[in-house]
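> Got a sequence here, can you build the structure:
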Amino acid sequence: MTMLEAAVSAAQQLFTPGPILGMLAVLPIALISGLMPGGGLPVTVVVLGFVGFLDPWVAITMVVFQSAANDATEPLPSILLGIPGSRASQATILDGYPLARQGLAGVAIGAAYTASLIGGLIGAAALLISLPVIRELLFVFGSAEFFLLSLMGIMTVAIVSAGAFVKGMLTAMFGLAISMIGYSAIGSVVRADFGLQYLWDGIPLTPIVVGLFAIPEAMDLVVGNSPIAMQRVDEMLRGVSKDVYRGMKLALNHKWLTVRSSLVGVFIGALPGLGGSVAHWIAYAQARATEKGAKESFGKGDIRGVIAAESSNNSVDGGELMPTVGFGIPGSGGMAILLAMFILYGIQPGPAMLTTHLDLTVSFVYVIALANLVVVPIMLTASPIIARVATIPPNLIAPVVIAVVTLSAFMATYSLGDLWLALGFAVLGVFMKRYGWPRPPILIAVVLGESVERYMYSSVSAYGMSMLVRPQFLAIAGFMLVIVVGSLRMQRDMHRAMASMPLEPASTDDGEPQVQSGADDRRGQERIALDKVQLRKKLTVEIFGEIILLLAVTFFFIYLFIPSLDWPWGARLVPQIAVAIGTPFLVLRIIYVLRALLWSRTVATVTPSGIMDLGFRVGGDPTEEGQRWFRILSAIAVLYLGIWIAGFQIAMPLWVFTYMVWFGRAHRVVAGGIALIFVGLIVGVYGYLIRVPWHDPPLFMLYRYLFGVP
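Have a look, this model is predicted:
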C-alpha cells in the first residue's frame with residue numbers, strides 16, 4: 001500500500017458513521033478533561049474496556065482524538081486560575097496568569113488557542129512527513145533489530161522517567177518480569193502463576209492500566225481536594241470575549257515564534273519518555289533566550305511566553321506518535337496506554353503499522369488535525385461556560401471515575417480476578433506515585449515483554465551471538481545511546497529553565513500577586529521546608545513506603561528466578577535477564593534507603609516536574625495525607641468486596657450514592673440521579689446491549705436457595 005493509497009483509504013474509513021460518532025462521544029469529555037487538576041479523566045482506560053466490542057477504527061480514533069483535544073483545552077485553567085490542567089501547561093501560567101490578573105485574560109486565551117491550533121497542525125504534518133522515512137528504515141531490520149528496539153524502548157523510557165535513573169531501570173525490569181507471568185509457548189511451561197489458573201494466560205493489560213494509572217489519579221483528586229471558588233472564576237472571566245480576537249491577531253503576528261516553538265515540540269515529542277511536560281519548558285526557555293527583551297518581560301505577562309508554551313504543547317502529539325507507531329517505543333505515558341490498545345487489537349507497532357495497517361496510521365494525522373480544528377474554535381467562543389467545570393468538587397468526580405474504570409477492568413476477562421488484580425496494582429500505583437517511582441516503565445515493559453521474548457528467541461536461533469555485530473544492530477544501539485544522552489540533556493535544560501524562572505510571584509500595582517499558584521511546581525528538585533516534627537514524620541512515611549516497595553520487588557524477583565533454573569532455555573532467558581539487570585539497581589536502592597535510615601535523610605525528593613509521571617500534591621502533613629488516600633483506597637476495596645457479594649447491579653450504584661453523600665456532601669437527589677444513571681449503564685448498556693456475563697454473587701445464590709428460584 002502506497003502512502004497515497006493509505007491516505008485515501010484512511011479518509012474513507014475515518015469519515016464513516018462509527019469513527020465520527022466515537023469522536024463526537026468523547027468531544028465533551030475532552031473539553032472537560034483538560035480543566036481537571038492533574039490532567040483529566042481516564043478516557044483511554046474506559047475505551048480499553050470496550051476493545052472486544054468496538055471496531056479498532058472506532059476505539060483507536062476515539063483515544064487519539066481525545067488525547068489531541070484534551071491538550072487543546074489545557075491553557076484555560078492555567079491562564080484563568082494559575083492552575084495547570086496538566087504538567088504540560090505549567091509554563092503557560094508564568095505569563096498567562098499575570099495577563100489575566102491585568103484584565104487581559106481574553107488576549108491570553110486568544111493567543112494561546114491560536115498558537116495551539118497552529119502547533120497541532122504542524123505536529124500532524126510532521127507525523128505525515130515522517131512516516132515514509134520510518135517505513136523505509138524498518139524494511140532493513142530483522143528480528144535481532146526488533147529485539148533491540150523492544151528492549152531499548154523499555155530501557156530508554158526507564159532511564160529518562162521522572163529524572164530517577166535507578167528507580168526507572170528497576171521498575172522497568174520489574175515490569176518485564178511481570179510480563180513473563182503465565183504460559184510460555186516457547187518452553188511449554190507455566191511461569192510464576194502463584195498457583196492461580198487465572199494467570200495462566202498472563203496478566204490482562206486493562207486491569208494493570210486501571211490500577212497503575214486511573215485509580216491513583218482519581219485518588220489524587222480526593223487527596224488534593226481543592227475545588228475552585230466560583231467567584232474566582234467569574235472574576236477572571238470578566239471581559240474575556242471582547243479581547244479574544246486581539247489575542248488571535250497577536251499570535252499570528254508572532255508567526256515565526258509559533259512555528260519555531262511548534263518544531264521544538266515535535267522534536268522533543270519524538271524523543272522517548274519526554275513528551276509535553278518537557279517540550280513546553282524547552283520552548284519557553286528557547287523563546288526567553290532568543291526573543292528581544294524577553295529576559296526582562298517573560299514571567300510578568302508577556303504574550304510571547306504564552307505563544308511559545310502552547311504551540312509546543314500541542315505540536316508534541318504528532319512527535320509522540322512517531323516512535324510509538326514506528327518502533328513501538330512510547331513517546332509518553334499516554335502513548336504507552338495507546339500502545340497497550342494496539343496490542344489488545346492484535347496490531348503490532350512497527351512494520352505492521354506502516355504496511356498492513358498503514359491507512360490506520362495515516363488516519364492519526366487526520367484525527368490530530370480534526371481535533372484541533374474542532375476544539376479550538378469551541379474553546380475560543382465558549383471558554384467562559386466551559387471554565388466553570390473547574391468548580392466541581394473533586395469528591396463528586398472521583399466516585400464516578402472509579403466506578404467507570406472498575407467496569408472497564410472487569411471487561412478484560414469477565415472475571416472477579418480482574419477487579420482484585422486492578423486493586424492490587426492500584427495499591428502498587430499509589431505507593432509508586434506517592435514515593436516518586438515512575439509507573440509508565442512497568443506498563444511499557446508489560447506491553448513489550450512478549451515482543452522482547454519472541455524476537456530474542458528468533459534472533460538467537462537465527463544468528464547466535466553474531467547478531468551483536470550486525471551493522472543494523474550496532475546502528476540502532478548507537479542511535480539509542482544518542483537518544484538517551486539527548487533526552488537527559490533536554491531534561492537538564494528543562495530543570496535549568498524552571499530554576500531560572502522567578503520563584504517569588506511578581507506583584508501588580510495593587511499589591512496582589514500575579515502568579516501565586518504552581519510556584520512550587522516550578523522548581524524540579526525543590527524540597528519543602530518542614531519543621532523538625534514534620535521532617536521526622538516525612539522520613540518515617542518515606543522509609544516505610546520505600547521498604548514495602550523494595551520488599552515486593554525482591555520477593556517477586558526471587559519467586560521468578562529460582563523456578564526459572566529448571567525451565568527450558570527459551571523460557572528462562574528473558575526472565576533471568578530481567579532479574580539480572582534489575583538486581584544491581586535493587587541493591588543500589590536498598591543501600592540508599594539504609595543510608596537514609598541511618599543518617600536521618602529523606603529518601604524521596606519532591607519532584608513535581610517528573611518527566612513521565614505525576615506525583616501526589618505535597619506540602620501538608622504527610623500523615624494526614626496518608627490517611628486521606630488510605631481512606632479512599634479502603635472505600636475502593638469496599639466497592640470491590642460489595643461487587644463480589646451483591647454484584648455490580650446493586651453494589652456499584654449503592655456505593656456511588658453513599659460516597660457522594662458521605663464524602664462529597666452531595667444532595668441526595670443529585671447522588672440518587674447519578675446512581676440511577678449507573679443502574680441504567682450496568683443493566684441497560686452492559687447487560688442488555690453488550691450482554692456482559694456478570695458473575696454470580698453469593699447474595700443472588702442465597703436468594704435463589706431461600707426462595708427456590710432456579
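
> Now the helix or strand where Ala422 lies - C-alpha only, PDB.
Per DSSP states H and E: Ala422 is located in helix 416-434. Taking C-alpha atoms only, helix 416-434 is exported to PDB below (Å, rounded to 0.1, in the frame of the first residue of the first chain):
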ATOM      1  CA  LEU A 416     -13.600 -11.100  39.500                       C
ATOM      2  CA  GLY A 417      -9.900 -11.700  39.300                       C
ATOM      3  CA  ASP A 418      -9.700  -8.600  37.100                       C
ATOM      4  CA  LEU A 419     -11.000  -6.500  39.900                       C
ATOM      5  CA  TRP A 420      -8.600  -7.900  42.500                       C
ATOM      6  CA  LEU A 421      -5.800  -7.600  40.100                       C
ATOM      7  CA  ALA A 422      -6.700  -3.900  39.500                       C
ATOM      8  CA  LEU A 423      -6.900  -3.300  43.200                       C
ATOM      9  CA  GLY A 424      -3.500  -4.900  43.700                       C
ATOM     10  CA  PHE A 425      -2.000  -2.700  41.000                       C
ATOM     11  CA  ALA A 426      -3.800   0.300  42.500                       C
ATOM     12  CA  VAL A 427      -2.000  -0.300  45.800                       C
ATOM     13  CA  LEU A 428       1.200  -0.500  43.900                       C
ATOM     14  CA  GLY A 429       0.400   2.500  41.800                       C
ATOM     15  CA  VAL A 430      -0.500   4.600  44.900                       C
ATOM     16  CA  PHE A 431       2.800   3.700  46.600                       C
ATOM     17  CA  MET A 432       4.800   4.400  43.400                       C
ATOM     18  CA  LYS A 433       3.000   7.700  42.800                       C
ATOM     19  CA  ARG A 434       3.400   8.800  46.500                       C
END
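
> before we move on, which element is Met341 in?
Going by DSSP H and E, Met341 is part of helix 333-344.

> could you point out which element follows that helix?
Following helix 333-344 toward the C-terminus (DSSP H and E): helix 358-386.

> number of nearby residues for Ile674?
For Ile674, the tally of surrounding residues (other Cβ atoms under 10 Å) stands at 17. Where C-beta positions appear, they are placed from N, C-alpha and C, glycine not excepted.

> Could you give me the buried positions within the host helix or strand of it?
In this structure, Ile674 is located in helix 668-679 according to DSSP H and E. Buried residues in helix 668-679, defined by neighbour count with 16 or more other Cβ atoms under 10 Å: Ala671, Gly672, Ile674, Ala675, Phe678, Val679.

> Make CSV out of those and add pLDDT and distance to Tyr284.
Listed next are the buried residues of helix 668-679 as CSV, based on pLDDT from 0 to 100; distance: Cβ to Cβ, whole Å:
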residue, pLDDT, distance to Tyr284
Ala671, 93, 43
Gly672, 94, 47
Ile674, 93, 40
Ala675, 94, 45
Phe678, 93, 43
Val679, 94, 48
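
> of all those, which comes closest to Val140?
Phe678 (52.6 Å; Cβ to Cβ).

> OK, contacts around the closest one?
Applying Cβ atoms under 8 Å, 6 or more residues apart in numbering, we find Phe678 in contact with Ala403, Met652, Pro653, Val656.

> My impression was that Tyr183 belongs to a strand - is that right?
Yes - remark: Tyr183 belongs to a strand, assigned using DSSP: H, G, I helix; E, B strand; the rest coil.

> wait, doesn't it sit right on Val190?
Yes - between Tyr183 and Val190 a contact is recorded at 5.1 Å, counting by Cβ atoms under 8 Å.
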